[in-house]
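1. dropping a prediction and its sequence here:
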Amino acid sequence: MIKKSMTIALKDGLEARPIAELVQVASKYDSRIYIELGTKRVNAKSIMGMMSLELGTGDDMTVSADGEDEYAAISEIEQYVTADR
């Protein structure tokens, strides 16, 4: 299991469309992937869970992954949320 903190750089934060795209990224991996913000922890493969976090630009979140492809999962999620789109 690995954990990594990252700051959201998407100019519109994680609204509905970017959340759906992030869920698609996470769903490509077999690892269990969770996003943590403060005391909340949600499954990164759940659209409703992700929307409940209300993540915005500049927010710091922690991503944890556990499984055979955990490093690849964390890397791609980081590339997605830290991109300046």
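-> Yes, it's here.
2. skipping adjacent residues, who's closest to Y29 in space?
-> Sequence neighbours aside, A73 is the residue nearest to Y29 in space, at 4.0 Å (criterion: Cβ to Cβ, 6 or more residues apart in numbering). Placement of C-beta: from N, CA and C, glycine included.
3. only the buried residues of the strand or helix carrying that neighbour, if you could.
-> In this assignment (DSSP states H and E), A73 forms part of helix 70-81. Within helix 70-81, the residues that count as buried by 16 or more other Cβ atoms under 10 Å are E70, A73, I74, E76, I77, Y80, V81.
4. please pick out the residue of this protein most distant from its centre.
-> Most distant residue from the mean C-alpha position of the chain: E68, 17.8 Å away (Cα atoms, centre = their mean).
5. if I look at D60, how far off is T7?
-> D60 sits 5 Å away from T7, going by Cβ to Cβ, to the nearest Å.
6. with I35 instead?
-> From I35 to T7 the distance is 13 Å (Cβ to Cβ).
7. give the residues shared as contacts by these two.
-> Counting by Cβ atoms under 8 Å, 6 or more residues apart in numbering, the residues touching both I35 and T7 are M61.
8. okay, the two: which has more neighbours?
-> I35 (24 against 12; other Cβ atoms under 10 Å).
9. so what's the more buried one bridging to?
-> I35 has these beta-bridge partners by DSSP bridges: V42, V63.
10. let's see the pLDDT reported for the residue nearest to Y29.
-> A73 is assigned 98 on the pLDDT scale.
11. give me phi/psi at the closest residue in space to V23 that isn't next to it in sequence?
-> With sequence-adjacent residues excluded and distances taken as Cβ to Cβ, 6+ apart, V23 is closest to I47, at 5.2 Å. When read as degrees, to the nearest 10, the backbone of I47 gives phi -60, psi -50.
12. so what's I47 up against?
-> I19, A20, V23.
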